[in-house]
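Peer 1: sharing a model that was predicted from the sequence below.
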Amino acid sequence: MSTGEVLEVMKEAMFVAFELAGPLLIVSIVVGLIIAIFQAATQIHEQTLTFVPKLIVIAIVLVLLGPWMFNIFNDFIHKLFSIMAGL
């Protein structure tokens, strides 16, 4: 396996990681921002007020996007194993 092929596999692995983590991070940031604005407006600074809604929303996003995320990861693993089989 040449250096170029290894770099291509690493580039694709990084892209898959960003693609899988991106929706969860974006949703978490948006929920955190909304809660921070609510806390600033009401002056309620409770730690669980930020943690619990983020946890619930991330769980919902994982349930909704889980099959899509699994398919992306599954396609990458199949491609990786086919490359290893060709060695």
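Peer 2: Received the coordinates, thanks.
Peer 1: could you measure from the most centrally placed residue in the chain over to V52?
Peer 2: Centroid-nearest residue in the chain: A21, 1.5 Å away (criterion: Cα atoms, centre = their mean). From A21 over to V52 the distance is 21 Å, taken as Cβ to Cβ, to the nearest Å. The way it works is simple: take the backbone N, C-alpha and C, and place the C-beta from them, glycine included.
Peer 1: what do you get for N71?
Peer 2: In terms of Cβ to Cβ, N71 sits 30 Å off from V52.
Peer 1: do the same with P23
Peer 2: According to Cβ to Cβ, P23 stands 20 Å off from V52.
Peer 1: quick one: mean pLDDT over stretch 53-61.
Peer 2: Per-residue pLDDT over stretch 53-61 has a mean of 94.
Peer 1: gap between that stretch and the chain center?
Peer 2: How far stretch 53-61 lies from its chain's middle: 13 Å, per Cα atoms, centre = their mean, to the nearest Å.
Peer 1: hmm, who's touching that stretch?
Peer 2: With contacts defined as Cβ atoms under 8 Å, 6 or more residues apart in numbering, stretch 53-61 is touched by P23, L24, V27, S28, V31, G32, I35.
Peer 1: inside helices: which ones of those residues?
Peer 2: Those of these mapping onto helices are P23, L24, V27, S28, V31, G32, I35, per DSSP state H.
Peer 1: contacting residues for the second one?
Peer 2: When you say that, I think you mean L24. I58, V61, L62.
Peer 1: drop anything exposed from those residues.
Peer 2: In the contacts of L24, burial by neighbour count holds for I58, V61, counting by 16 or more other Cβ atoms under 10 Å.
Peer 1: which of the contacts of L24 sits closest to A17?
Peer 2: L62 (15.9 Å; Cβ to Cβ).
Peer 1: circling back: of P23 and V52, who's got more company?
Peer 2: P23 (16 against 12; other Cβ atoms under 10 Å).
Peer 1: wait, doesn't the more buried one sit right on L65?
Peer 2: Yes - counting by Cβ atoms under 8 Å, P23 touches L65, with 5.8 Å between them.
Peer 1: quick one: Q39 from E8, how far?
Peer 2: Q39 sits 45 Å away from E8, going by Cβ to Cβ.
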